[in-house]
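In: Show me the folded form of this:
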Amino acid sequence: MLNKLSELESYLKEHRIRCKLVIPAAKDENVLKAAITAHRIGIVDITLIGRERVIRELAEEKKYDLSEIALVDEANATEAAIQSVQMVRDGSADIIMNGEESYYGANIILKQTDDRRRGIRRGSIMSHMSIFEVERYHKLIAVTDTVLNVAPDLSTKAGIAHNAVFFMRRLGIEIPRVAVLAAIEVVNEAMPATMHAGLLSKMAQRGQIKNCIIDGPLAFDNAISRESAVHKGIINEVAGDPDILLAPDIETANILYQSFVFFANARVASVALGASAPIVFTSKLDTDETRVASILLAAAAYVPISYR
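Out: Below you'll find the predicted structure:
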């Protein structure tokens, strides 16, 4: 089981994971640098789809070696995204990464992923999960959904939980513990997030959401602090020890993300789930470390479930 994001490289090599990464509309220096770094450490082989002349000029300027990287000349960003999705469908790609760090760069991939005829969406929903290494927490902790689902209803939250649990099991956590966050730790019919949390807990107990333990509603303090939970009379397997924090909405998840990064100086890696291949979306605010770690995290989707 991973305890730090810095262990991802050795974890993947231990399981002999090597993946095929495709980057449509490739044009961003930061993305190219991260992908080449992941290639150098032996985790991914790379296909770049985009304007070949622009890519080669950028590589020459930054002294990147493209000799072991496949290039597909395609000027149209939408067509590049279509090709990347098709590569997943025919088995010639395992991971997709946005080639342009912008809303547009992510959206063209999502649109093709979700296409009813040619898409690769596998689960009931797609969701985004970020995994943090926070100095004051005793293990890695995930937050979901930080990007894709704005105001998830009960069914969507069940799908988000399923995606997160599926992935965390690839990181060696046999039965992930999921804390469903709300403003308070009791069910209140005037607060839908608490109703959803209570129902998700019961769904997990009845096996409707498998291979995990879910508890909620939990306020943030009694979700992450055993002492706080005990003080409020909350004693269970999740309170104070979650692997996953399931946020009530995108605002909460995004604020948690930014707080962990900017106030707690947390290390982070993120991946989009629910398609036939994990998708890496990075932004210009990400560090080089985060970009590389996110590629390695996506590769962990191919680690077989095995527990020591």
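
In: for this protein, which residue is closest to the average position?
Out: Closest residue to the average C-alpha location of the chain: Val271 at 2.3 Å, with CA atoms, centre = their mean.

In: tell me the SS of it?
Out: strand (DSSP: H, G, I helix; E, B strand; the rest coil).

In: That one: what's it in contact with?
Out: With contact taken as CB atoms under 8 Å, 6 or more residues apart in numbering, Val271 is in contact with 128-129, 167, 278-280, 294, 297-298, 301. Where C-beta positions appear, they are placed from N, C-alpha and C, glycine not excepted.

In: So what's the gap between whatever helix or strand Leu110 lives in and the chain middle?
Out: With elements delineated by DSSP states H and E, Leu110 resides in helix 103-113, which encompasses its position. The offset between the C-alpha centroid of helix 103-113 and the centroid of the whole chain comes to 16 Å, using CA atoms, centre = their mean, to the nearest Å.

In: looking just at contacts, which helices and strands does that helix meet?
Out: The contact analysis (3 or more CB pairs under 8 Å, 6 or more residues apart in numbering; DSSP states H and E) places helix 103-113 against helix 77-89.

In: Buried residues, the helix it packs on. List them.
Out: 77, 80-85, 87-88 (16 or more other CB atoms under 10 Å).

In: Kindly calculate the angle that it makes with helix 103-113.
Out: 50 degrees (axes from the mean of the first three to the mean of the last three CA atoms, to 10 degrees).

In: Show me what the helix or strand following helix 77-89 is in contact with.
Out: Moving toward the C-terminus from helix 77-89, the first helix or strand encountered (DSSP H and E) is strand 95-97. When contacts are defined by CB under 8 Å, 6+ apart, strand 95-97 is touched by residues 19-24, 31, 35, 44, 84-85, 88, 109, 113, 277-282, 295, 298-299, 301.

In: Just the ones in helices from these, please.
Out: Among the contacts of strand 95-97, the ones falling in helices (DSSP state H) are 31, 35, 84-85, 88, 109, 113, 295, 298-299.

In: Redo these as a markdown table? Include distance to Ser201 and pLDDT.
Out: Listed next are those as a markdown table, based on distance: CB to CB, whole Å; pLDDT from 0 to 100:
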| residue | distance to Ser201 | pLDDT |
| --- | --- | --- |
| Val31 | 39 | 94 |
| Ala35 | 40 | 96 |
| Ser84 | 38 | 97 |
| Val85 | 36 | 96 |
| Val88 | 35 | 97 |
| Ile109 | 34 | 95 |
| Thr113 | 31 | 94 |
| Ile295 | 34 | 98 |
| Ala298 | 29 | 98 |
| Ala299 | 32 | 98 |
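
In: Quick check: of those residues, which has the highest neighbour count?
Out: For these, the largest neighbour count, defined by other CB atoms under 10 Å, is 33 neighbours, found at Ser84.

In: after the lengthiest helix in the chain comes which helix or strand?
Out: When secondary structure is assigned using DSSP H, the longest helix within the chain turns out to be helix 154-170. Toward the C-terminal end, the helix or strand that comes next after helix 154-170 (DSSP H and E) is strand 177-181.

In: Can you tell me which helices and strands the helix or strand following that following strand packs against?
Out: From strand 177-181 onward toward the C-terminus, using DSSP H and E, the following helix or strand is helix 192-205. The elements that helix 192-205 packs onto, with contact taken as 3+ CB pairs under 8 Å, 6+ apart, are helix 154-170, strand 177-181, strand 213-218.
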